[in-house]
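>>> generate coordinates for the sequence data below:
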Amino acid sequence: MTLRPQPPTPVTEVHDSAAEALAAVDQQYTANRRTLVALLASANAPLSLPEIMELQPDLAQSSVYRTLGVLEQAGVALRIVTGDEFARFELAEAHSGLHHHHLICTACGSVEDVTLPSDVEAAVVSELEALAHRHGFAPADHQVDLIGVCAACQQAA
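Below is the predicted model of the structure:
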């Protein structure tokens, strides 16, 4: 697993926003939570529990799993469900500053972050807002996940 050379949001801001989000749900920003937030902020793609354990072998797996649940509850981390046995986790957009979408492989469970050209993103937002309006829905955000088979799995088949 490779890491981003620099997170898009400065690390101090990520930690400050994570601490605020956790405080809002009456949770402390513990050392383990800080470690996982830093790891998610530096990852170049959503991470599975085994990948997290590989990158942070000094943490107990049960603690990591519980901590991810707390971070998800506080809106700091986002869980991405895939076709394999492990969900993936990433820093939520509100904390990372990165708006993106995902390509999710149903064969191997890989998740790739993708961004749309700004004009396409604007068209998607416009269409989603119109759809929401027609249904009397007040959207807060959106995420688009394309589910299919990655190039590597297609080639292997």
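
>>> which outside residues touch stretch 95-103?
For stretch 95-103, contacts defined as CB atoms under 8 Å, 6 or more residues apart in numbering pick out 7-9, 14, 17-18, 21, 37, 41, 46, 76, 80, 90, 93, 111-116, 121, 143-146, 148, 150. C-betas here are computed from N, CA, C, even on glycine.

>>> repeat that for 7 Å
Stretch 95-103 is touched from outside by 7-9, 14, 17-18, 41, 76, 80, 93, 111-116, 143-146, 150, with contacts defined as CB atoms under 7 Å, 6 or more residues apart in numbering.

>>> now, the residues you listed that are in strands?
Within those, residues falling in strands by DSSP state E are 80, 111-114, 145-146.

>>> coming back round to it: report the buried members of the contacts of stretch 95-103.
Listed as buried from the contacts of stretch 95-103 are 7, 9, 14, 17-18, 41, 76, 80, 111-112, 150; burial here means 16 or more other CB atoms under 10 Å.

>>> may I ask which two of those are separated the most?
Taking CB to CB, the two most distant members of those are 17 and 150; they sit 31.8 Å apart.

>>> quick one: residues contacting residue 84.
Each residue near residue 84 by CB under 7 Å, 6+ apart is listed here: 108-109.

>>> mind redoing it with 10 Å?
48, 104-111 (CB atoms under 10 Å, 6 or more residues apart in numbering).

>>> again, but for residue 22
Going by CB under 10 Å, 6+ apart, residue 22 touches 28-30, 33, 37, 70-71, 73-76.

>>> let's go with 6 Å and repeat that
29, 74 (CB atoms under 6 Å, 6 or more residues apart in numbering).

>>> hang on, the earlier thing: closest to residue 134 out of the buried ones among the contacts of stretch 95-103?
Residue 134 has its nearest neighbour among the buried ones among the contacts of stretch 95-103 in residue 80, at 27.9 Å by CB to CB.
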